[in-house]
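*Asks:* Sequence first, predicted model second:
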Amino acid sequence: MDGRRDHRKRTFIGAKILLNGGASVLDCVVKDLSEGGARLSVNGAVAVPAEFDLKLSDSRSFHCRVTWRRLESLGVSFQVP
């Protein structure tokens with residue numbers, strides 16, 4: 001086990017990072033998904049703010065907080081409203 005609370009499932013789901021209340025949008029791909037968070041593949045991940053809304057292509061939405069970042073990927077936790 002790698003210390004995560006929730007089991008991760010490998011995915012390839014298209015998604016959008018919504019910034020400024022949806023005024024700006026970045027395309028991304030959800031590579032891993034669990035009940036509590038996700039790993040996103042996104043160009044320019046270093047420029048994504050610490051919190052944002054995520055809209056998956058299957059219409060699910062989450063408010064996310066970045067837990068780690070690399071050049072082209074982000075780890076996020078889903079925040080409970």
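*Replies:* Happy to help now that I have it.
*Asks:* now the strands for the protein?
*Replies:* Per DSSP state E, the chain carries strands over the ranges 9-19, 24-33, 37-41, 51-56, 61-69, 73-79.
*Asks:* Give the buried residues for the longest one.
*Replies:* Under the neighbour-count criterion of 16 or more other CB atoms under 10 Å, strand 9-19 has 15-19 buried. For every residue, glycine as well, the C-beta is placed using N, CA and C.
*Asks:* same question, stretch 69-81
*Replies:* Neighbour counts over stretch 69-81 (16+ other CB under 10 Å) mark 69, 73-78 as buried.
*Asks:* Output those residues as CSV; include the columns pLDDT.
*Replies:* As requested, the buried residues of stretch 69-81 are arranged in CSV below (pLDDT from 0 to 100):
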residue, pLDDT
69, 96
73, 97
74, 96
75, 97
76, 98
77, 97
78, 97
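*Asks:* For residue 61, state which of these is nearest.
*Replies:* Closest approach to residue 61 among the buried residues of stretch 69-81 (CB to CB): residue 78, at 9.9 Å.
*Asks:* what's the burial count for the closest residue to that closest one other than its chain neighbours?
*Replies:* Leaving aside its sequence neighbours, residue 78 sits nearest to residue 62 (CB to CB, 6 or more residues apart in numbering; 4.5 Å). If you count neighbours by other CB atoms under 10 Å, residue 62 ends up with 18.
*Asks:* For the residue lying closest to residue 31 once chain neighbours are set aside, which residues count as its bridge partners?
*Replies:* Excluding its sequence neighbours, the residue lying closest to residue 31 (CB to CB, 6+ apart) is residue 39, at 4.8 Å. Beta-bridge pairing for residue 39 (DSSP bridges): residue 32, residue 75.
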